[in-house]
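[1] build me a structure from this.
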Amino acid sequence: MSDSKSQRTYFDYAATTPVDPRVVETMLPFFSDQFGNPSSVHLFGQRADLVVEAARSRCAKALNCSPSEIVFTSCGSESDNLAIRGTALAVREKDGRDHILTTKVEHDAVTHTFQQLEKYNGFKVEYIPVNKFGTVDPETLRAMLTPKTSIVSIMYANNEIGSINPINELGIVCAEAGVYFHTDAVQGAAYLPIDMHEICVDMASIGAHKMYGPKGVGILYVKQGTPIIPSQTGGGQESGLRAGTSNVPLIVGQTVALVNIQNNKRERARHYSELRDILITGVLNNIPYSKLTGHPIIRLPNHASFVFKNVNGNELLMQLDMAGFACSSGSACKTGNPEPSDVLTEIGLERDWALGSLRVSLGTSTRKEDIERFIKILPDLVIKNRKMQGAG
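    A predicted model of the protein is given here:
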């Protein structure tokens, strides 16, 4: 997204996307004219309930699963929490299994849930090693499974460095061992295959605002037969798995966004990949001591991520913002923490590299001229930044 008057360009689509105008238009009536509570028994409530269930059916069709396998949540993070905590507790209650596996390169919604299960619920957590691209080898996973393992959670595509995991192969390994498999598909769902009959997963988390839908709504796919208990209790909404009044406008908007994003997915991915590769080549060829993070090929089509030696990533983001580019950093220094992110540390980057991270993600409004202008401006900003660090 670029503003021609101010020459401001949005390169942070991995953080959030603008809501598609078609989505906005579809949601509007459900804020006013059709405002009923789906849990009410009168006509207003019945109409709202029909809308929610129609949305569930459309989402199920887009994901190639049963409507009963769709749980509407408030976001991808809630979906992660429900999947991991709900299944870990249910399986332990059923057969005593208390060993759970994830990686150190997951979104905080996953890693913090595992940490809480370990600290407060007595689960035994182990972390699966990743390679230099931040992905998991299926045989590495296989070697870590035990008769006590109940659930594994591995993200579909990494939000910081863009690498894509071999989700189907990892899921098959878990299925063969009788272990439930969850994937955080929040980053990948808009660009990668999400046919639930084609990928071997028991649960998958999706967030609408990564695919031109509204913030504050998500989906958890739960394969039929997967044991899970609610982490949010109250009424009986969402088949008893997620209490709370259904957010009808956002559910409708999410459905339209999900259906839209499936159209021409391959063509859009190819277009993004071409722009992404121009960006990657331009950055690496024009900036000394720069590296691409994540896999060079098996990565999200709209995602480019870098590290620059002896650069302060937080300051670089501010410099870019002043120059008219909205980007993000994979480093936790963006929150004031001087330490590099767990993802960059886990893939083996030393501190003087990991603190200089930059994520550039493309979207529907990205133009080739935006990328060319970015490539022209970035090298001078990196030089200036290095001088500020005393490394010029």
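[2] show me this structure divided up by domain.
    Following automatic domain parsing, the chain resolves into domains at 2-19+264-388, 34-262.
[3] show me the strands in the stretch 151-300 of the chain, by range?
    180-184, 203-207, 218-222, 290-292 (DSSP state E, counting those that start in this stretch).
[4] make a markdown table from the ones you listed and add distance to residue 135, mean neighbour count and mean pLDDT to it.
    For glycine as for every other residue, the C-beta is placed from the backbone atoms N, C-alpha and C. Output for those, formatted as a markdown table (distance: least, CB to CB, whole Å; neighbours: other CB atoms under 10 Å; pLDDT from 0 to 100):
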| stretch | distance to residue 135 | mean neighbour count | mean pLDDT |
| --- | --- | --- | --- |
| strand 180-184 | 13 | 29 | 98 |
| strand 203-207 | 17 | 29 | 98 |
| strand 218-222 | 22 | 27 | 98 |
| strand 290-292 | 15 | 18 | 98 |
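[5] nearest to residue 272, of those?
    Nearest of the strands of the stretch 151-300 of the chain to residue 272, taken as CB to CB: strand 290-292 at 16.0 Å.
[6] got a list of contacts for that closest one?
    280, 283-284, 304-309, 353, 382 (CB atoms under 8 Å, 6 or more residues apart in numbering).
[7] closest one of those to residue 114?
    Nearest to residue 114, judged by CB to CB, of the contacts of strand 290-292 is residue 305 at 23.9 Å.
[8] now the stretch 1-150 of the chain, which segments are flagged as low pLDDT?
    Scanning the stretch 1-150 of the chain for pLDDT under 70 picks out the ranges 1-6.
[9] would you check that residue 44 makes contact with residue 36?
    Yes. Contact criterion CB atoms under 8 Å: residue 44 and residue 36 qualify, at 3.2 Å.
[10] just the contacts of strand 290-292: which are in strands?
    Among these, the ones falling in strands (DSSP state E) are 304-308.
[11] redo those residues as CSV? Include pLDDT.
    Below are these laid out as CSV (pLDDT from 0 to 100):
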residue, pLDDT
304, 98
305, 98
306, 98
307, 98
308, 98
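[12] can you map out the helices along this structure?
    For the chain, the helices defined by DSSP state H cover 21-27, 43-63, 76-95, 108-121, 138-144, 167-177, 248-262, 265-286, 313-322, 342-346, 351-354, 368-388.
[13] to residue 294, which of these lies closest?
    Using CB to CB, the helices of the chain put helix 342-346 closest to residue 294, at 9.3 Å.
[14] what is that closest one packed up against?
    helix 351-354 (3 or more CB pairs under 8 Å, 6 or more residues apart in numbering; DSSP states H and E).
[15] and the helix it packs on, which residues are buried?
    With burial defined by 16 or more other CB atoms under 10 Å, the residues of helix 351-354 counted as buried are 352-354.
[16] give me the neighbour count for residue 167.
    24 (other CB atoms under 10 Å).
[17] got it, and residue 233?
    11.
[18] ok, back up a step: redo the buried residues of helix 351-354 as CSV? Include pLDDT.
    Shown next, in CSV, are the buried residues of helix 351-354 (pLDDT from 0 to 100):
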residue, pLDDT
352, 96
353, 97
354, 96
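[19] redo those residues as CSV? Include distance to residue 369.
    Listed next are these as CSV, based on distance: CB to CB, whole Å:
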residue, distance to residue 369
352, 33
353, 30
354, 31
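[20] mind checking how far residue 40 is from residue 74?
    According to CB to CB, to the nearest Å, residue 40 and residue 74 sit 21 Å apart.
[21] now swap in residue 141 and tell me
    According to CB to CB, residue 141 and residue 74 sit 30 Å apart.
[22] now do residue 14
    20 Å.
[23] do residue 366 as well
    For residue 366, the distance to residue 74 - CB to CB - is 29 Å.
[24] between the two, which one's more packed in?
    It is residue 366, of residue 366 and residue 74, that has more neighbours when counted by other CB under 10 Å, with 24 against 17.
[25] my guess is the more buried one contacts residue 274, does it?
    No. At 10.9 Å, residue 366 does not count as touching residue 274 under the criterion of CB under 8 Å.
[26] how near is residue 31 to residue 58?
    Note on residue 31: its distance to residue 58, by CB to CB, is 20 Å.
[27] before we move on, what about residue 184?
    23 Å.
[28] cool, and residue 10?
    Distance of residue 10 to residue 58, given as CB to CB: 29 Å.
[29] okay, the two: which has more neighbours?
    For residue 10 versus residue 58, the count of surrounding residues by other CB under 10 Å is larger for residue 10: 22 against 18.
[30] okay, and the beta partners of the more buried one?
    In this structure, residue 10 bridges to residue 326 when assessed by DSSP bridges.
[31] nearest to residue 234, out of the helices of the chain?
    Residue 234 lies closest to helix 76-95 among the helices of the chain, at 13.6 Å (CB to CB).
[32] tabulate the helices of the chain (TSV), appending distance to residue 204.
    Converted to TSV, the helices of the chain look like this (distance: least, CB to CB, whole Å):
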stretch	distance to residue 204
helix 21-27	21
helix 43-63	8
helix 76-95	8
helix 108-121	13
helix 138-144	17
helix 167-177	9
helix 248-262	12
helix 265-286	16
helix 313-322	31
helix 342-346	21
helix 351-354	30
helix 368-388	31
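[33] ok, back up a step: which one of residue 44 and residue 36 has more residues nearby?
    A direct count of neighbours by other CB under 10 Å for residue 44 and residue 36 places residue 36 higher, at 18 against 14.
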